[in-house]
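coords please:
(one chain, ligands or ions: 1)
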Amino acid sequence: MAKIPYFVPDISAKEIGAVNKVLCSRWISAGNILSECERKFEKKLNVNKGHCVGVSSGYSALYLSMLLAGIKKNDIVLMPNINFVASMNAAKQLNARIKLVDSESKFNPNISINDLKKKLSSKVKAIIVMHYGGYPCDMHELLKLKKKYNFILIEDSCHAIFSKYQGKTLGSFGDFSAFSFYANKNITSGEGGMLYCKKAKDVKRAKLLKNHGLNTNSFLHKNQSFHARYDIKETGFNFRLDDLRASLLSTQLDNIEKKNKIRYKIFLEYKKNLKKNKKINILFSEYSTNEYSRHLFVIKTNFKKLLEKKLKKNGISYSCHYKPISYLSAYKNKEKFPNSKNLFETIISLPIYPKLTKNKISKICDIINSI
Ligand SMILES: Cc1ncc(COP(=O)(O)O)c(C=O)c1O
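Presented below is the predicted three-dimensional model:
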């Protein structure tokens, strides 16, 4: 066990109490608590009421987005090469033709607008962008391009709960957006996700698809006391989120701003401790206001291997976000992505979570400053 883990979920007694309450109610699958959580979520996202749908994971939110966007065999879909694999897997499962896009620069892993422009045409069905670490992609340019080429925009906002771009919440720009509540996310239910759909007709279909295609659900059965009358409108999935998980999320949503502010303070503390170090750069270091979820704290160094060795020796966990998709065995691609390549060779993600103390940050920085 590492002395300083990469991530520790922050679960308070209040959250445990909320789960306990659901357990005691004897209604543990999707019901009122999930609805309450969805309404809270869309209020914080600042989107229309009723447009967020709780689902089983970030992946299921991405998959449903693509399905609802009408992506089918041979449709062209663009997405960043530095990316979690979920979007790639989902698009592959729909047999789309995927074009990967390089990172903005050697210091910014977000999707490159220049490379995107080279690969864009009116034939592109959808673009999936991912707000790396909760730092915004260039939404101004993306919306301009969307107007010109009329593609569907899907935001992978799994890191970005609730970052802002020019005052507007990330995840509310696109036609669809996906959030994850996996254990290492800013709010978590172990597994879970949220799908936002701009159009009401997509919300309706998402609710059907996530529940096997059923035109009803067990909560309606319970409340309306009708039995055995149901229909399957189309082939569906089980992508459901339950009240147990929703109770954890709903409670955490009440103080997400406070938790994100603690992450901001951690970001500032790291910055202060690493100020004099000429051998590293901090990604997004210039994003200095408290408007971002600060899901990741990533440094860049030409001494990555040496630093990894030292961190390992001192029991400090770290990660790398991400190995480029073009390097993954399932998706090997010989195209050149110079910025993604450089980033992969130089970046290290360091621990960042509300329970990380100043003392621990100081220990981590001492090691970084010793290279
Ligand atoms: C950027 C990004 N996209 C998608 C996902 C997939 O989410 P989940 O693991 O909940 O399916 C994750 C989570 O790990 C993620 O970090």
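
which other helices and strands contact the longest strand along the chain?
Taking DSSP state E as the criterion, the chain has its longest strand at strand 124-130. Packing contacts for strand 124-130, counted by 3 or more CB pairs under 8 Å, 6 or more residues apart in numbering; DSSP states H and E, involve helix 58-68, strand 76-80, helix 86-93, helix 139-149, strand 152-156. Using the backbone N, CA and C atoms, a C-beta is placed for each residue, glycine as well.

Mind putting those into CSV with mean pLDDT, mean neighbour count and distance to the ligand?
Output for the helices and strands packed on strand 124-130, formatted as CSV (pLDDT from 0 to 100; neighbours: other CB atoms under 10 Å; distance: least, CB to the nearest ligand atom, whole Å):
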stretch, mean pLDDT, mean neighbour count, distance to the ligand
helix 58-68, 98, 26, 2
strand 76-80, 98, 24, 10
helix 86-93, 98, 20, 4
helix 139-149, 98, 15, 17
strand 152-156, 98, 26, 5
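
wait, which of those is closest to Phe162?
Phe162 lies closest to strand 152-156 among the helices and strands packed on strand 124-130, at 12.3 Å (CB to CB).

The closest one - contacts with which helices or strands?
Looks like strand 152-156 contacts helix 58-68, helix 86-93, strand 124-130, helix 139-149, strand 176-180 (3+ CB pairs under 8 Å, 6+ apart).

Now with 7 Å, please.
Contact here means 3 or more CB pairs under 7 Å, 6 or more residues apart in numbering; DSSP states H and E; on that basis strand 152-156 packs against helix 58-68, strand 124-130, strand 176-180.

Thr235 versus Asn217, what's the distance?
17 Å (CB to CB, to the nearest Å).

re earlier: how far off strand 176-180 does the longest strand of the chain point, in degrees?
30 degrees (axes from the mean of the first three to the mean of the last three CA atoms, to 10 degrees).

Tabulate the helices and strands packed on strand 152-156 in a markdown table, adding columns for distance to Val77.
Shown next, in a markdown table, are the helices and strands packed on strand 152-156 (distance: least, CB to CB, whole Å):
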| stretch | distance to Val77 |
| --- | --- |
| helix 58-68 | 7 |
| strand 124-130 | 5 |
| strand 176-180 | 13 |
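
Select, out of those, the one closest to Gly192.
strand 176-180 (7.6 Å).

Now do the residue nearest in space to the middle of the chain against Ser319, distance only.
By CA atoms, centre = their mean, the mean C-alpha position of the chain lies nearest to Cys158, the distance being 1.0 Å. Here Cys158 is placed at a distance of 15 Å from Ser319 (CB to CB).
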